[in-house]
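Q: I need the structure of the sequence given here:
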Amino acid sequence: MSVRGVAVHLARTPRPAVGCPKSMGSMKLPVKTSARSLLPKVPAPAQIRADVLAGLVVALALIPEAIAFSLIAGVDPRVGLYASFVMAVSIAFLGGRPAMISAATGAMALVAAPLSIEHGVDHLIAATLLAGLFQIVLGLAGVAKLMRFVPPSVMTGFINALAILIFLSQMPYLVPFDVPVYVMVAIGLAIIFGLPRLTKAVPAPLVAIVVLTIATLTMGLSTRTVGDEGELPDTFPVPLIPDVPYTWDTLALIAPYSLTLALVGLMESLMTAKVVDDRTRTTSDHAREARGQGIANILVGLFGGMAGCAMIGQTMINVSSGARTRISTFLAGVFLIILCVGLGDIVGLIPMAALVAVMIFVSIVTFDWHSIAPSTVRRLPWTETLTMVVTVAVVVATGNLALGVIAGVLVSMVLFTRKAALHADVTSVLDPEGGTRVYSVHGEVFFASTSALVDRFDYTEPGLTKVVVDMSGAHVWDSSAVAALDQVSAHFRRRGVQVHITGLNEPSAHLHKELSGTLTDEH
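A: This next block holds a predicted model:
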């Protein structure tokens, strides 16, 4: 019998009862793993079709945004378009989150703008290369593990803020009021929301773009098009080396920008990966994503692009269109360069109203409407709602996702510290024989709770000869807690009362010994 036959036979044979150590069921045969089983699982044809079409939709949406982000950074539109192409293609192989789209982004453009405007595009490219190196180092250092310290309320605020920013970014195309534009956007939204009720064979956003483009051309409507946003490239990117002085002065100039780009890019990418994890109910390798972002940015710099990271808007378009694999990310980059270089004249005719409809749809489905429902707000602790609101407010006010996340995490930390401090309590009971009072401390004893804790002891109680401080229900976290216990002991001893601290768990006792220099009754 072949090895495969043995494996099949064992799979079909009923297992002997558990608990018979000498039974055949407890034996493990060394089954050889075939090379075929080590290969990645090939997606089903329907999934491949969905990924291909989703990649096309994303590519169409990427073009005007990449041009806009290039203008924000003060560089030629080709810099943003080349960056989006190289980033998407490379991260498809290097990243840790399938179906996530990475390209040139507004947040990265805002960070890089002062450098490129004042010192030129070559310094921007050099900063991109160094940012990629920083990201690789941070990825190897385990920065992705910091995601566990981002509370759900900050994640919700991050998602809602992104949805609002995506919607607000479409306002330049809707103001001033133009009837044909609003009609086209309304028709586009009707197609996007209505078509899936009939069929899901083709992504509704792609159908909306095609229908509105044909309608614009056949009816001769005069409206803003993709071609009006900027000149599309007519050649493929080629490798280059930035023309900058390779001196310590140059490094000192670009390093602050590069570090900021690295941190902002990783934060947005890891947060977006978490969003996709939740939406698709799958997991991703955040450490690999961090390293992959760095390598991809180095490749982007070598091809003359600006630093990029994950894009929540395009990622949501991709996921909402049914994409689930790396094929969609890869093809988004491939379609982008083909559309620009080979079909630039046709792509330039697409009305911006069609892409506005797509982005408004993305903002609607991205926003967590459940988080602002009255029933949810009433049920959740007010601290979580406040954290979410602060995150949204900072992101929308500054346009900086990283600042919003940092602000939300800080608010959450302060509120958690306050809550933990309020839960620290002291109760006491007097020995029936008199002369001894036992104080029981409960909760977390640290810098925020020590002041209230010290005040809970009665140092002037008459007739006391001994005080027992029972710490079995508490944990000592820092030097402030140790100092508070010493202060309590000193207050009583000045009045001739013996103090015994008992019940400290092992970490608390060790900390008390190291900082106070005294042993408790149990150590």
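Q: mind listing what the residue nearest to residue 84 when sequence neighbours are not counted touches?
A: Once flanking residues are discounted, residue 84 sits nearest to residue 103: 3.6 Å by CB to CB, 6 or more residues apart in numbering. Quick note: C-beta positions are derived from backbone N, CA and C, even for glycine. Applying CB atoms under 8 Å, 6 or more residues apart in numbering to residue 103 gives the contacts 62, 65, 66, 83, 84, 87, 88, 308, 311, 314, 333.
Q: Just to be sure, which of these are found in helices?
A: 62, 65, 66, 83, 84, 87, 88, 314, 333 (DSSP state H).
Q: Pick the one among those residues closest to residue 180.
A: residue 65 (22.5 Å; CB to CB).
Q: Which positions within the helix or strand harbouring residue 508 qualify as buried?
A: Here residue 508 sits within helix 506-516, counting by DSSP states H and E. Going by neighbour count (16 or more other CB atoms under 10 Å), the buried part of helix 506-516 is 508, 509, 511, 512, 515, 516.
Q: So which of those is the closest to residue 125?
A: Of the buried residues of helix 506-516, the one sitting nearest to residue 125 (CB to CB) turns out to be residue 511, at 50.6 Å.
Q: Report the separation between that closest one and residue 326.
A: 48 Å (CB to CB, to the nearest Å).
Q: repeat for residue 350
A: On the measure of CB to CB, residue 350 and residue 326 end up 26 Å apart.
Q: picking that back up, for the residue nearest to residue 84, give its distance to residue 268.
A: For residue 103 relative to residue 268 (CB to CB), the value is 12 Å.
Q: do residue 413 as well
A: 21 Å.
Q: who has more neighbours, those two?
A: Set side by side, residue 413 and residue 268 show unequal neighbour counts under other CB atoms under 10 Å, the larger going to residue 268 at 26 against 13.
Q: Give me the distance from stretch 108-121 to the chain's centre.
A: Put simply, stretch 108-121 sits 24 Å off its chain's centre (CA atoms, centre = their mean, to the nearest Å).
Q: what's that stretch in contact with?
A: Counting by CB under 8 Å, 6+ apart, 69-70, 72-76, 79-80, 123-124, 127-128, 253-254, 257, 260-261, 264-265, 304, 306-309, 399-400 sit against stretch 108-121.
Q: I'd assumed residue 331 was in contact with residue 89.
A: No. The criterion here is CB atoms under 8 Å, and residue 89 misses it with residue 331 at 9.1 Å.
Q: Tell me the buried residues in stretch 229-236?
A: Here stretch 229-236 shows 229, 230, 232, 233 as buried, counting by 16+ other CB under 10 Å.
Q: for residue 127, what are its contacts?
A: Going by CB under 8 Å, 6+ apart, residue 127 touches 112, 115, 254, 257, 258, 261, 307.
Q: For it, pull up the helix or strand it's in.
A: helix 121-140.
Q: Starting from residue 186, give me the distance back to residue 260.
A: Distance from residue 260 to residue 186, by CB to CB: 40 Å.
Q: These two: which is more packed in?
A: Ranked by neighbour count (other CB under 10 Å), residue 260 and residue 186 place residue 260 first, with 18 against 12.
Q: just so I have it, where are all the strands in the stretch 351-500 of the chain?
A: With DSSP state E, counting those that start in this stretch, the ranges of strands along the stretch 351-500 of the chain come out as 425-430, 436-445, 466-476, 498-502.
Q: What residues of the first one count as buried?
A: By neighbour count, with 16+ other CB under 10 Å as the criterion, the buried positions of strand 425-430 are 426, 428.
Q: Give me the distance from it to the chain's centre.
A: 45 Å.
Q: Show me what it is packed against.
A: Contact analysis of strand 425-430 by 3 or more CB pairs under 8 Å, 6 or more residues apart in numbering; DSSP states H and E lists strand 436-445 as its packing neighbours.
Q: what packs against the strand it packs on?
A: helix 401-423, strand 425-430, strand 466-476, helix 479-493.
Q: What pairs with it, parallel or antiparallel?
A: strand 425-430 (antiparallel), strand 466-476 (parallel) (DSSP bridges).
Q: For the shortest one, give the mean pLDDT please.
A: The predicted model assigns strand 425-430 a mean pLDDT of 90.
Q: Go through the helix or strand containing residue 47 and flag the buried ones.
A: Using DSSP H and E, residue 47 sits within helix 45-73. Neighbour-count burial for helix 45-73, counted by 16+ other CB under 10 Å, picks out 47, 50-51, 53-70, 72-73.
Q: by how many degrees do that helix and helix 121-140 diverge?
A: Relative orientation of helix 45-73 and helix 121-140, computed by axes from the mean of the first three to the mean of the last three CA atoms, to 10 degrees: 130 degrees.
Q: follow-up on the earlier one: ranking by neighbours, what's the top pick from the contacts of residue 127?
A: That'd be residue 307 among the contacts of residue 127, by other CB under 10 Å, with 35 neighbours.
Q: That one and residue 264, how far apart?
A: 9 Å.
Q: and residue 424, backbone torsions?
A: In terms of degrees, to the nearest 10, the main-chain angles of residue 424 are phi -70, psi 130.
Q: For it, the count of nearby residues, please.
A: Counted with other CB under 10 Å, residue 424 comes out at 21.
Q: Quick one: neighbours of residue 278, just the number.
A: With other CB under 10 Å as criterion, residue 278 counts 12.
Q: can I get the strands paired with strand 436-445 in JSON lines with distance to residue 175?
A: Converted to JSON lines, the strands paired with strand 436-445 look like this (distance: least, CB to CB, whole Å):
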{"stretch": "strand 425-430", "distance to residue 175": "57"}
{"stretch": "strand 466-476", "distance to residue 175": "57"}
